[in-house]
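Student: what follows is a protein structure lacking sequence information:
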């Protein structure tokens, strides 16, 4: 099995594609040992071939299965001498459509992967993070955590939960010397984003289509910072501020024209 051999290490869920894959590439390129985990085994094999078998540990992982998660962390710890510099909770799924029309089993799939999976990861990985000076617990939230978004209501709710959890744990984990942060991406060109959304994404503005490597760069910068929320692109913070200052106004803008129209109006006002 591949060994870190003193290198800094990152444990990434949802690593087979999109933001997770780009993060694995970036950190491996900077000399880190990468733990790459996903349910997509074919994608993991491709990633392993690209990074080199000596530079990564790849393994199938269902983040909703606590026992499976514990086993994955045990394998990772065996390769890193019990250290973990950066936990990146990135695995997520999306289900769209009106809440009233959604199958409840699919609703719970979103909750279990996007939030329970994050809880599993943080709770199980905390001993490794505590054992590693300067460690960071980092999670993918979403621009939909700035304000509850229609037609992705449950997805949006899970990302609000992730954001709130990150804020709370960023205070609690100070006692252990462990930092916490998250990223709130907008429209990222990944498999989770429907093709229709990609086709209709504006060419400019806060909801323009962003390549996933930009999120990977935010993860890298977060490790070297004490900043809490990383908006990608950065101007998405305007939507977060607007929803806090005027939730009714934000609601009305989104109801009238959707999040893109609301963002456009906020951009004109800023």
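Tutor: Okay, I see it. Quick caveat: nothing in here was measured; it's all calculated off a predicted structure. Numbers count the residues shown, from 1 in each chain.
Student: quick check: residue 86 vs residue 194, distance?
Tutor: Relative to residue 194, residue 86 is positioned 30 Å away (Cβ to Cβ, to the nearest Å). Placement of C-beta: from N, CA and C, glycine included.
Student: let me see the ranges of the helices in the stretch 51-200 of the chain.
Tutor: 66-80, 104-111, 117-130, 153-172, 195-199 (DSSP state H, counting those that start in this stretch).
Student: strands along the stretch 151-270 of the chain, start to end?
Tutor: For the stretch 151-270 of the chain, the strands defined by DSSP state E, counting those that start in this stretch cover 179-185, 229-232.
Student: would you mind finding the most buried of those?
Tutor: Highest mean neighbour count of those: strand 179-185, a mean of 24 (counted as mean count of other Cβ atoms under 10 Å).
Student: and that one, what does it pack onto?
Tutor: If you count contacts as 3 or more Cβ pairs under 8 Å, 6 or more residues apart in numbering; DSSP states H and E, strand 179-185 packs onto strand 136-140, helix 153-172, helix 213-223, strand 229-232.
Student: got the contact list for the second one?
Tutor: Same thing as helix 153-172. For helix 153-172, the surrounding residues in contact (Cβ atoms under 8 Å, 6 or more residues apart in numbering) are 89, 92, 94-96, 99, 102, 107, 110-111, 114-115, 118-119, 122, 137, 139-142, 144-145, 148-149, 179-182, 184, 228-229.
Student: same check on the first one?
Tutor: For strand 136-140, the external contacting residues (Cβ under 8 Å, 6+ apart) are 14, 19, 85-90, 92, 118, 122, 125-126, 129, 162, 165-166, 169, 173, 178-183, 185, 215, 219, 222-223.
Student: what about 7 Å?
Tutor: Identification of contacts with strand 136-140 by Cβ atoms under 7 Å, 6 or more residues apart in numbering yields 19, 86-90, 92, 118, 122, 129, 162, 166, 169, 173, 178-183, 219, 222-223.
Student: about what we covered before: residue 80: which of the strands of the stretch 151-270 of the chain is closest?
Tutor: Ranking the strands of the stretch 151-270 of the chain by proximity to residue 80 (Cβ to Cβ) places strand 179-185 first, at 18.3 Å.
Student: got the contact list for residue 188?
Tutor: Contacts for residue 188 (Cβ under 7 Å, 6+ apart) come out as 19, 210, 212, 215.
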